[in-house]
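Participant: need a 3D model of the sequence below.
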Amino acid sequence: MDFSIITGKVIHEIIHADIPACVERVKSAYLMHEDGQTVNPDSYFLRFPEQPKNRIIALPAFLGGDVGVSGIKWIASYPDNIRRGIPRASAALLLNSYETGYPFACLESSIISAARTAGSAALAAEWMNGGKRAVNRLSIIGNGLIARYIYDFLLALGWEIGSVLLHDLNKAESQRFATQVCKPGRHGAIDCVSSAEAAITGSDLIVLATVAGEPYILDPALFSHNPLVLNISLRDLAPEILLGSYNIVDDVEHVMKANTSPHLAERLTGGRSFVTGTLAQLMRGERWIGRDKPAIFSPFGLGVLDLAVGRWVYDVASARGQRVVVDDFFFEMAR
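Facilitator: Got it, this is the predicted structure:
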């Protein structure tokens, strides 16, 4: 038995060298989860009384099938890190052998987390868009790391995007995204706007990737043009907006907690009938959405997705000799 470390640099190289393969791992994990081949307990939140904005979340999970790995992601969210010039989230992923339970790898996981989130978003966008990888206008509200990964994944998958609108409470972040992230040759126009409302109006595909703790987008009329909405940050939308929309989630039980917009909609109505179905059901043709009202994807984020991407990265890194093996990590091996 050995134990190895896989660094963020290696993980970044592997994922960005083959984004379609990464997305396929996310898709496969969703389908396995739908088939009951996973164990995905509730996430556990570590909060700090004197730092209410900060939290560290543990996501334990098991992914069965031909993957057969268990593990846990330990991800910290410190919003004020943005003012320090570093990303809000940091994370590590521990992989355990299904046969022995021994951990065999630790991976830097902020990149894995961003990649599995982007893969999830890209899959939802395509399937809610009837299988088409094209929109006239993409709006991105919240212009940080997760937004960058979603944008990069869409382009790597060949999406045709006529124009891009960007909005962030920090205008400098929108301008940075426009100049450093966006690819001018792929769009007719790239613009920064001063409000979320301006970003929403007239856009076909809307990405919400903020750190909002409660709804601030309140008017259902903003969505009267029936856009596709990737509700990645989960708490931007008033529940009334969801009640007038098709709603796709990753897992119904998991998303109905922690004051997410779907959770607020459940509390408002006393039920879950507003949920159209899961992304896996949509991909299998077991659920259907039209274009007669908005379509919203709200993923709580499943630990099995981190395992799927993390195990794939581990296998590629092993084949390339890019693991850092820690000798004698396991030392007392006699009973």
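Participant: please list the outside residues in contact with stretch 151-163.
Facilitator: Contacts of stretch 151-163 with the rest of the structure, by Cβ atoms under 8 Å, 6 or more residues apart in numbering, involve 16, 19-20, 23, 115, 118-119, 121-122, 125-126, 133-138, 140, 181-183, 186-191, 205, 207. Any C-beta I mention is one placed from the backbone N, CA and C, and that applies to glycine too.
Participant: so which of those residues sit within helices?
Facilitator: His16, Ile19, Pro20, Val23, Ala115, Ala118, Gly119, Ala121, Ala122, Ala125, Glu126 (DSSP state H).
Participant: from Pro103, how far off is the residue lying closest to the third one once chain neighbours are set aside?
Facilitator: Leaving out its chain neighbours, the residue that sits closest to Pro20 by Cβ to Cβ, 6 or more residues apart in numbering is Leu157, at 6.4 Å. Taken as Cβ to Cβ, to the nearest Å, the spacing of Leu157 relative to Pro103 amounts to 33 Å.
Participant: can you give me the helices in the stretch 1-150 of the chain?
Facilitator: 8-17, 19-34, 110-128, 145-156 (DSSP state H, counting those that start in this stretch).
Participant: ok, back up a step: most neighbours, which of the ones in helices among the contacts of stretch 151-163?
Facilitator: Ala118 (31 neighbours; other Cβ atoms under 10 Å).
Participant: I'd say that one and Ile146 touch.
Facilitator: Yes. Because the distance of 7.3 Å satisfies Cβ atoms under 8 Å, Ala118 is recorded as touching Ile146.
Participant: so where's the protein uncertain?
Facilitator: Counting by pLDDT under 70, the chain shows no low-confidence range.
Participant: centre-most residue in it?
Facilitator: In the chain, the residue lying closest to the centroid (Cα atoms, centre = their mean) is Thr117, at 2.0 Å.
Participant: what number of residues lie near Leu307?
Facilitator: Residues near Leu307, counting by other Cβ under 10 Å, number 30.
Participant: now do the contacts for it.
Facilitator: Applying Cβ under 8 Å, 6+ apart to Leu307 gives the contacts Ala29, Ala61, Phe62, Leu63, Val67, Val69, Ser70, Gly71, Leu93, Leu95.
Participant: and if we set it to 7 Å?
Facilitator: Under the criterion of Cβ atoms under 7 Å, 6 or more residues apart in numbering, the neighbours of Leu307 are Ala61, Leu63, Val69, Gly71.
Participant: now do the residue lying closest to Ala124 once chain neighbours are set aside: how many residues are near it, please.
Facilitator: In this structure, Ala124 finds its nearest non-sequential neighbour in Phe297, 3.9 Å apart by Cβ to Cβ, 6+ apart. Under the neighbour criterion other Cβ under 10 Å, Phe297 is assigned a count of 24.
Participant: so what sits opposite Phe297 in the bridge?
Facilitator: Using DSSP bridges, the bridge partners assigned to Phe297 are Leu230, Ile248.
Participant: surely it meets Ser233?
Facilitator: No. Taking contact to mean Cβ atoms under 7 Å, the distance of 11.9 Å between Phe297 and Ser233 leaves them out of contact.
Participant: contacts only, for Lys257.
Facilitator: His263.
Participant: Provide the secondary structure category for it.
Facilitator: Remark: Lys257 carries the secondary structure label coil [criterion: DSSP: H, G, I helix; E, B strand; the rest coil].
Participant: how close does it sit to Leu305?
Facilitator: Computed with Cβ to Cβ, the distance linking Lys257 and Leu305 is 18 Å.
Participant: now the strands: where do they sit in the stretch 151-300 of the chain?
Facilitator: Assignment of strands within the stretch 151-300 of the chain using DSSP state E, counting those that start in this stretch yields the ranges 160-167, 189-192, 205-208, 228-231, 246-249, 277-278, 295-298.
Participant: that's all I had, so thanks and see you.
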